[in-house]
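J.: Structural data only, the sequence is not supplied:
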């Protein structure tokens, strides 16, 4: 699994012009599922993100987690995180999980994040979405369950 994690002052997802999910202060997580991913990848990545110390403390040091600041998470499925652009000009998505598998692990990631105590909002799986974000900092991190970066 891959995630783009962004510190958000606020974020929302709209489908067909209507807002379906939104959060205040917290994290926007764009989540991609790889064809070889398992439930343990979803649980590990949820645990990692929920406890990432990337929010500023009183001294403005990145020292607090989303749990510490009582923040929220907006989780949006994004298969294009597995787009391989190394050859040619058109990305290959051969490493992305098929929709059934991706949806199952996406939903597990959401449930695991909520179980860990973070209020969660989500996008709509396989929908064309407009994602709005006020990125705080800006702070943006890339995570991968295989720890490839």
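T.: Great, that's in hand. Source: prediction; values computed, not measured. Residues are numbered from 1 along each chain as shown.
J.: For the rest of this, base every contact and every neighbour count on C-alpha atoms.
T.: Fine.
J.: now residue 34: how far from residue 126?
T.: 15 Å (Cα to Cα, to the nearest Å).
J.: how near is the closest residue to residue 56 other than its chain neighbours to residue 41?
T.: Spatial nearest neighbour of residue 56, chain neighbours left out: residue 62 (4.4 Å); criterion: Cα to Cα, 6 or more residues apart in numbering. As judged by Cα to Cα, residue 62 and residue 41 stand 25 Å apart.
J.: Please apply the same query to residue 35.
T.: Residue 35 is 12 Å from residue 41, by Cα to Cα.
J.: With residue 20 instead?
T.: Residue 20 sits 27 Å away from residue 41, going by Cα to Cα.
J.: What segments of this structure are helices?
T.: Along the chain, the segments classed as helices by DSSP state H run 39-51, 99-115.
J.: what residue is smack in the middle of this protein?
T.: Geometric centre of the chain, nearest residue: residue 29, 2.1 Å, by Cα atoms, centre = their mean.
J.: From what I see, that one and residue 73 are in contact.
T.: Yes: the pair residue 29 / residue 73 is scored as a contact, 7.0 Å apart, by Cα atoms under 8 Å.
J.: Could you check the pLDDT of residue 93?
T.: pLDDT recorded at residue 93 is 97.
J.: still on that earlier bit, tell me the pLDDT at the residue nearest to the centre of the chain?
T.: What the model reports as pLDDT for residue 29 is 98.
J.: Ok, residue 121 next?
T.: Looking at residue 121, its pLDDT stands at 98.
J.: If you tally nearby residues, what's the number for it?
T.: 20 (other Cα atoms under 10 Å).
J.: Could you do residue 147 as well?
T.: Other residues within reach of residue 147, judged by other Cα under 10 Å, total 9.
J.: mind checking pLDDT for it?
T.: We note a pLDDT of 87 for residue 147 in this prediction.
J.: cool, and residue 77?
T.: Looking at residue 77, its pLDDT stands at 98.
J.: neighbours of the residue nearest to it when sequence neighbours are not counted, just the number please.
T.: Spatial nearest neighbour of residue 77, chain neighbours left out: residue 31 (4.9 Å); criterion: Cα to Cα, 6+ apart. By other Cα under 10 Å, the residues close to residue 31 number 26.
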